[in-house]
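Student: Let's see this in three dimensions:
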Amino acid sequence: MDANPSTGMISPKINYFTDKGLIQYAGYTPMNYYTCRNSCIGLREKDTGQYDHITAPTAYCHGAAMMIRKEAINKAGLMSENFFLYYEEVDWCEHIKRAGYDAWVCTDAVIYHKESVSVGKKSKLK
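Tutor: Next up is the predicted model:
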């Protein structure tokens, strides 16, 4: 982030904790504002290195792991309290991008996400 001042937030590649060889996130495609849909790049793909060594803009950072520039938070504000769980990072990314910053993914960093720990895998809230 120090090398690129326009980067407001960045996420690593995210693999599932329960299957460390399976990708959960390697970036997001842009939102289609007619259908309100987008796609998660790499979702449920076997990790064979196909997304290794990518540092590039992404439509959204992943809420499971992101680093945010303090100046971007100061300009865009904190996450909206209207969201309790899920989609809050998409909204925040939009605010940060509107404040003049970019969202990036850097797959040189990897985390293993214990998915659904907050609410449980079979929760109706999910």
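Student: can we go C-alpha only for contacts and neighbour counts from here?
Tutor: Fine.
Student: If you count contacts, what does the longest helix seen in the chain end up packed against?
Tutor: The residue-count maximum for a helix in the chain (DSSP state H) belongs to helix 88-98. Packing contacts for helix 88-98, counted by 3 or more CA pairs under 8 Å, 6 or more residues apart in numbering; DSSP states H and E, involve strand 7-16, helix 70-76, strand 102-113.
Student: From Y86, how far off is T35?
Tutor: Applying CA to CA, to the nearest Å, one obtains 18 Å for the distance of T35 from Y86.
Student: With A59 as the reference, name the closest of the helices and strands packed on helix 88-98.
Tutor: Evaluated over the helices and strands packed on helix 88-98, closeness to A59 peaks at strand 102-113, with 6.5 Å, by CA to CA.
Student: That closest one: partners in the sheet, and parallel or antiparallel?
Tutor: Using DSSP bridges, strand 102-113 pairs in its sheet with strand 7-16 (parallel), strand 55-57 (antiparallel).
Student: Quick check: mean pLDDT of the shortest one?
Tutor: If I follow you right, that is strand 55-57. Rounded to a whole number, the mean pLDDT of strand 55-57 is 96.
Student: so how far is it off the chain centroid?
Tutor: 12 Å (CA atoms, centre = their mean, to the nearest Å).
Student: Packing partners of the helix or strand just after it?
Tutor: Counting by DSSP states H and E, the next helix or strand C-terminal to strand 55-57 is strand 67-68. In terms of contacts (3+ CA pairs under 8 Å, 6+ apart), strand 67-68 is packed against strand 7-16.
Student: pLDDT (mean, whole number) over the strand it packs on?
Tutor: 98.
Student: And stretch 28-47, by the same measure?
Tutor: On average, stretch 28-47 scores 95.
Student: Now do it: distance to the chain's middle.
Tutor: With CA atoms, centre = their mean, you get 11 Å for stretch 28-47.
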